[in-house]
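K.L.:
With the sequence up front, the predicted model follows.
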Amino acid sequence: GAECMLVVIGATPEGRKELVGFQVGTRESAQSWRELLVDLKARGLVNAPELAVGDGALGFWKALEEIFPTTRHQRCWLHKTANVLNKAAKSVQPSVKADLAEVWRSPSRAAAETAIAVFADKYGAKYSKAVECVVKDREQLLAFYVFPAEHWDHLRTTNPIESVFATVRHRTVRTKGTLS
C-alpha cells in the first residue's frame with residue numbers, strides 16, 4: 001500500500017483528545033504499526049490502553065495484539081457502515097443505514113445484539129455479504145458497551161481522528177500526489 005501518516009490519538013480522563021504519536025508508514029502493515037506502538041511504550045505509555053478504536057483493514061490490530069494484548073478492540077462504526085452499504089443495492093442503502101444505527105444507538109449490549117439479529121433476518125436472504133460484514137465483527141463492534149454510557153459516543157468511531165485532519169486537508173494546497 002501507499003505510504004501515509006499513521007496516527008494514534010488518546011483521550012485524557014476529562015475527555016480531551018491528544019495526539020500521542022504519529023509516523024509515516026503503511027496502513028495495512030503490522031510492522032509500521034508495531035514500530036509506532038513500541039515507540040509509545042518507550043516514551044512512557046506503560047499501562048495498556050483499555051480500548052482501541054480503528055478501521056478494519058489496518059495492520060494495527062495484529063501489532064496491538066502483540067504490544068498491548070489486554071487492550072480491547074473496537075471497530076469504527078463509521079467505516080463499518082460505509083463497508084456494509086457498499087454490499088447493498090442503492091435502493092435499500094437508506095434503510096440499511098438506519099437499521100445499523102439501531103444497533104449502535106441501542107441502550108444496552110443486549111438490545112444491540114437483538115438489533116443485529118433483526119438486521120440479519122431482514123437482509124440475510126438478499127444481501128448476505130452485508131449481513132456477514134456485520135456479524136463477523138460483532139464482538140469488535142459492540143466492545144464499547146463495557147464502558148460507561150457517557151463515553152460511548154467517543155468510543156464508537158475514529159471520527160475525532162478524522163476531524164483533526166480535516167483542517168490539515170483543508171489547508172493543504174491540492175497538488176498532484178500530495179497527502180492522503
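P.N.:
The structure has been received and is ready for your questions.
K.L.:
excluding its backbone neighbours, what's nearest Leu78?
P.N.:
Closest residue in space to Leu78, ignoring its immediate chain neighbours: Thr157 at 4.6 Å, by C-beta to C-beta, 6 or more residues apart in numbering. C-betas here are computed from N, CA, C, even on glycine.
K.L.:
My guess is the one you found contacts Cys76. True?
P.N.:
Yes: assessed by C-beta atoms under 8 Å, Thr157 is found in contact with Cys76 at 5.0 Å.
K.L.:
Next, show the common contact partners of those two.
P.N.:
Val53 (C-beta atoms under 8 Å, 6 or more residues apart in numbering).
K.L.:
rewinding a little: and the residue nearest to Leu78, how many neighbours?
P.N.:
Neighbourhood size, Thr157 [other C-beta atoms under 10 Å]: 22.
K.L.:
now for the longest helix seen in the chain, which elements pack on it?
P.N.:
Secondary structure of the chain per DSSP state H: the longest helix is helix 109-123. Where contact means 3 or more C-beta pairs under 8 Å, 6 or more residues apart in numbering; DSSP states H and E, helix 109-123 is packed against helix 93-104, helix 128-135, helix 138-142.
K.L.:
before we move on, the earlier item: the residue nearest to Leu78 in helix, strand or coil?
P.N.:
Three-state assignment for Thr157 (DSSP: H, G, I helix; E, B strand; the rest coil): coil.
K.L.:
No further queries at this time; thank you.
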